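Asker: the amino acid sequence is not available; the structure is as follows:
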């Protein structure tokens, strides 16, 4: 039996011992391994298949881990993990106790920077390059960023800063969806090799020195060079930032990649390499439908994946259907997403209301201020955004929306724990950071029907509002048609019991009801985190010996803290137990098991309450 090349590799040093002619065979083996591995674990597939040759070339040319590679977002880093001693660990990818789906500094010395959110790579790599300069080291820093991540302002802030330095920073644009892709070909590959070579760089420096004595001629030469490059490359923008632009080149041609990267490594100053790749490369189903194969659950590689259908509707689907219904009823509604059309449930809306649909790219800050501008002029914007990504636009929410009391509605998906994506994508903090903002209305539905009605309530509200709901499906409540709102700031008593009252928010109403059966406890579905139902809280406090707040959010500063504050203002002194997410970043795993580990399933709630009851005075 012939040993595969992949079986002989344990570190990038082993990779660098191979002959360049071996790399295409290794790339094919890696693709086979990726498809088989991700089919068993789930994860990001199409983006990783597209980055195989680029990853090989970077580790072959650069002396990792001494040289640093920063993977933007990191959902294209699986080949990197395989090459850096984690091939066997891929069997536990994104599972409890297994390796993460994104780079993590604590996981490997080869993971130079922890990622998960987009557009941070250039800033981080620039910081590393400056640190090497400060320390007198010849180490190199490389940022690998996708074309989607390049839509974020943070990436351009970093480019602006980096271009004003002489640091040997390399930014690699992994372009798999830009309109300039057709420019790739033999001519561009040749020009990229030429422009990354020492002769071109030396000639350029010599020309600048000679022409410096005649500024008008130097300016003319500079413009001529820009126009020549602009005819065959889209690099003028990056040249204006102060980078030497090279490309675009074929990101699957290892000969071109190795030659170009080797040349660039010899150059000084900031370099920008434009590489064009194909998502899903080498696996036909993923090439044909890269969106379907972006993030996958377990599947049969031979049969491929089927489009998801049937089963209980997810909260995301409920939001998407509500958005279309409300848009049909109110022509002022517009939908905004920061590059998460599919994930946030806006596909149908984008098709039925294309002129009222805005995908602003990975630009959360812009999304919120854009919405604020729309609201100023009587339009009713709904911003569909993940909880974890809303964190990136916190100043805009406070300064541009809440301070001006503008009617911008946030539909916050992935609130609470998110399972395999882990702490970078968990929505653990939104109730805490939203609750302290004046003018905010915050709702947390407990089931599908309540979600639809609270979405209507928030949309009709005259100020800023947020409806937060978890990933996946709810309890399976029947959904009533129509667009009926609920009374703002009014909860509902779901169960009457004795001694203990469970004050539950959103997704924890269902386990609270289950725990209440054994405890004979009352259960309140609060519906609103702000404003709280003060009358209901007073009634519960006066009729029970122990109050228990429940939320799928950090306990610190969350909804439970709001309950305690409200009771203190009323002068009511009653024992309160706060249950929620602990003061730590919770690792990836099965969502139900993660909640159980936090004591937020029915059994955990019952156990925590019984323990607390034993501590109450007689």
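Answerer: Cool, the structure landed. These numbers were taken from a predicted model, which means no experiment stands behind them.

Asker: ranges for the helices of the stretch 251-400 of the chain?
Answerer: 254-265, 284-288, 315-329, 347-352, 364-376, 387-390, 394-395 (DSSP state H, counting those that start in this stretch).

Asker: comparing those, which comes out most buried?
Answerer: helix 387-390 (a mean of 26; mean count of other Cβ atoms under 10 Å). Just so you know, the C-beta spots here come from the backbone N, C-alpha and C atoms, and that holds for glycine as well.

Asker: could you look up the SS state of residue 102?
Answerer: Secondary structure for residue 102, judged by DSSP: H, G, I helix; E, B strand; the rest coil, is coil.

Asker: for it, give me its contacts.
Answerer: Neighbouring residues of residue 102 by Cβ atoms under 8 Å, 6 or more residues apart in numbering: 73-75, 77, 114-116, 422, 424.

Asker: quick one: buried ones out of these?
Answerer: 73-75, 77, 114-116, 422, 424 (16 or more other Cβ atoms under 10 Å).

Asker: residue 468 bridge partners, please.
Answerer: Beta-bridge partners recorded for residue 468 (DSSP bridges): residue 412.

Asker: nearest to residue 557, of the contacts of residue 102?
Answerer: For those, the closest approach to residue 557 (Cβ to Cβ) belongs to residue 424, at 20.6 Å.

Asker: next up, the contacts around the residue lying closest to the closest one once chain neighbours are set aside.
Answerer: In this structure, residue 424 finds its nearest non-sequential neighbour in residue 116, 2.6 Å apart by Cβ to Cβ, 6 or more residues apart in numbering. Taking Cβ under 8 Å, 6+ apart as the criterion, residue 116 is in contact with 73-74, 102, 421-425.

Asker: which one of those residues is nearest residue 605?
Answerer: If you rank those by distance to residue 605 using Cβ to Cβ, residue 423 comes first, at 22.9 Å.

Asker: OK, contacts around that closest one?
Answerer: 116, 585-588.

Asker: recalculate using a threshold of 7 Å.
Answerer: Residue 423 sits next to 585-587 when contact means Cβ atoms under 7 Å, 6 or more residues apart in numbering.

Asker: mark which of these are buried, thanks.
Answerer: Neighbour-count burial (16+ other Cβ under 10 Å) is assigned, among the contacts of residue 423, to residue 586.

Asker: name the nearest of the contacts of residue 423 relative to residue 526.
Answerer: Residue 526 lies nearest to residue 586 out of these, by Cβ to Cβ, at 23.3 Å.

Asker: contacting residues for the closest one?
Answerer: Counting by Cβ under 7 Å, 6+ apart, residue 586 touches 417, 423, 426, 594, 598.

Asker: narrow those to those in helices?
Answerer: Using DSSP state H, the subset of these located in helices is residue 594.

Asker: end to end on stretch 86-102, go ahead and measure it.
Answerer: 13 Å (Cα to Cα, to the nearest Å).

Asker: pLDDT of stretch 524-532, averaged?
Answerer: For stretch 524-532, mean pLDDT is 98.

Asker: now swap in stretch 431-443 and tell me
Answerer: On average, stretch 431-443 scores 98.

Asker: show residues contacting that stretch.
Answerer: For stretch 431-443, the surrounding residues in contact (Cβ under 7 Å, 6+ apart) are 394, 397-398, 402, 405, 454, 457-458, 461, 463-467, 488, 527-530, 551, 553-554, 556-559, 562.

Asker: now stretch 380-400: buried residues?
Answerer: For stretch 380-400, the neighbour count (16+ other Cβ under 10 Å) marks 380-393, 396-398, 400 as buried.

Asker: ugh, typo on my part, it should be stretch 90-102
Answerer: Buried residues in stretch 90-102, counted by 16+ other Cβ under 10 Å: 90, 93-95, 98-102.

Asker: now tabulate the residues you listed in JSON lines and tack on distance to residue 433 and pLDDT.
Answerer: Converted to JSON lines, those look like this (distance: Cβ to Cβ, whole Å; pLDDT from 0 to 100):
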{"residue": "90", "distance to residue 433": "35", "pLDDT": "95"}
{"residue": "93", "distance to residue 433": "30", "pLDDT": "95"}
{"residue": "94", "distance to residue 433": "26", "pLDDT": "94"}
{"residue": "95", "distance to residue 433": "30", "pLDDT": "94"}
{"residue": "98", "distance to residue 433": "30", "pLDDT": "95"}
{"residue": "99", "distance to residue 433": "30", "pLDDT": "95"}
{"residue": "100", "distance to residue 433": "24", "pLDDT": "95"}
{"residue": "101", "distance to residue 433": "25", "pLDDT": "94"}
{"residue": "102", "distance to residue 433": "22", "pLDDT": "94"}
